[in-house]
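[1] Quick one: sequence plus predicted model below, questions after.
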Amino acid sequence: MLEYQVQMLLGYLNMPTKLLKRKSGFEQLDGNTIIKVAEEEDGLIHLVSEGDLRLESTGQEMVTLSVFPDFDASFTSISGGELLEITENNVFKTYRLKAAKKEIHFNLKRINNDKFTIDFELDAFHGIKEALLRIHYTGDIGYAFMDGELINDNFCNHTTWEIGLKAFEHRLIEQGLCVYVSPIRKGKVLNSNTTMAGWKETTKERIVDIGSVSLVPVYEIKITM
């Protein structure tokens with residue numbers, strides 16, 4: 001469960017705010033408002049002026065919002081999700097919300113260990129803020145093409161390669177996506193024993209492998225008060 005804890009000591013939500021990213025998580029400090037997001041969770045919280053609240057979460061539908069003191073006004077509308085319940089303890093009032101779950105349907109075809117293609121269904125990107133393509137691979141450089149056009153690349157640093165696809169949704173549905181990873185070449189040999197002029201380079205070993213490939217939705221719940 002993705003939990004956001006909002007501690008409002010003296011202020012209200014009718015003020016512009018800023019979001020600062022820190023190593024220990026996300027902490028927003030503006031006047032008397034403090035917002036903290038647990039370090040292990042994959043999500044963001046945004047406060048917008050005039051009492052609007054925007055919550056984003058990656059791959060998590062459930063959001064728990066704890067507030068002290070309570071909001072100055074009740075929720076007038078919620079889009080992108082629903083309010084499940086409201087509970088109280090001695091300090092906080094807690095709002096439990098749920099985004100509409102989305103399964104991103106796609107067809108993955110592996111050409112070989114260094115290349116694959118993806119085709120998307122018509123409603124693949126409907127109802128979400130973003131779709132993150134996550135690729136685990138070993139190799140030198142990863143390239144993502146759409147109808148021959150390079151839209152993203154990644155130098156392998158042994159972390160997950162992540163591509164936001166929402167901006168390309170219409171073309172992706174029509175044309176699909178092709179991903180290729182160039183190999184790490186080990187054991188290079190320069191050979192002068194050739195009938196051709198100059199040196200000839202040969203490679204003894206090519207290291208490349210594409211592991212898991214997944215699509216993760218990013219949800220957004222907007223609350224107006």
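    Done, it's in.

[2] Could you find the closest non-adjacent residue to residue 220?
    Distances taken as CB to CB, 6 or more residues apart in numbering place residue 129 nearest to residue 220, at 4.1 Å, with adjacent residues excluded. C-beta here means a position set from N, CA and C on the backbone, and glycine is covered the same way.

[3] So for residue 204, what's the pLDDT?
    Looking at residue 204, its pLDDT is 67.

[4] Could you do residue 90 as well?
    80.

[5] quick check, it in a helix?
    No: membership of residue 90 in a helix is not supported by DSSP: H, G, I helix; E, B strand; the rest coil, which gives coil.

[6] Any regions of this structure where pLDDT drops low?
    Along the chain, segments meeting pLDDT under 70 span 1-51, 69, 72, 187-204.

[7] Show me the helices in it, by range?
    Remark: helices assigned in the chain by DSSP state H are 169-175.

[8] Kindly point out the strands partnered with the longest strand seen in it and how each is oriented relative to it.
    Looking across the chain with DSSP state E, the single longest strand is strand 209-224. Sheet pairing of strand 209-224 (DSSP bridges) gives strand 52-58 (antiparallel), strand 77-79 (antiparallel), strand 130-138 (antiparallel).

[9] May I see those strands arranged in TSV, with mean neighbour count and distance to residue 162 as well?
    Output for these, formatted as TSV (neighbours: other CB atoms under 10 Å; distance: least, CB to CB, whole Å):
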stretch	mean neighbour count	distance to residue 162
strand 52-58	20	10
strand 77-79	12	26
strand 130-138	18	5
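
[10] Just tell me which of these ends up closest to residue 66.
    Of all these, it is strand 52-58 that lies closest to residue 66, at 12.6 Å by CB to CB.

[11] pull the CA atoms of that closest one into CSV?
    The C-alpha trace of strand 52-58 is given here as CSV (Å, rounded to 0.1, in the frame of the first residue of the first chain):
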residue,chain,number,x,y,z
ASP,A,52,-6.4,21.1,-5.1
LEU,A,53,-4.5,18.0,-4.4
ARG,A,54,-2.9,15.7,-6.9
LEU,A,55,-1.5,12.2,-6.0
GLU,A,56,0.6,10.1,-8.3
SER,A,57,1.6,6.5,-7.8
THR,A,58,3.5,4.1,-9.9
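
[12] For the residue nearest to residue 92 when sequence neighbours are not counted, name its beta-bridge partners.
    What sits nearest to residue 92 in space, not counting adjacent residues and going by CB to CB, 6+ apart, is residue 66, at 4.2 Å. Taking DSSP bridges, one obtains residue 5, residue 94 as the residues bridged to residue 66.

[13] State the distance from residue 66 to residue 149.
    With distances taken as CB to CB, to the nearest Å, residue 66 is found 45 Å from residue 149.
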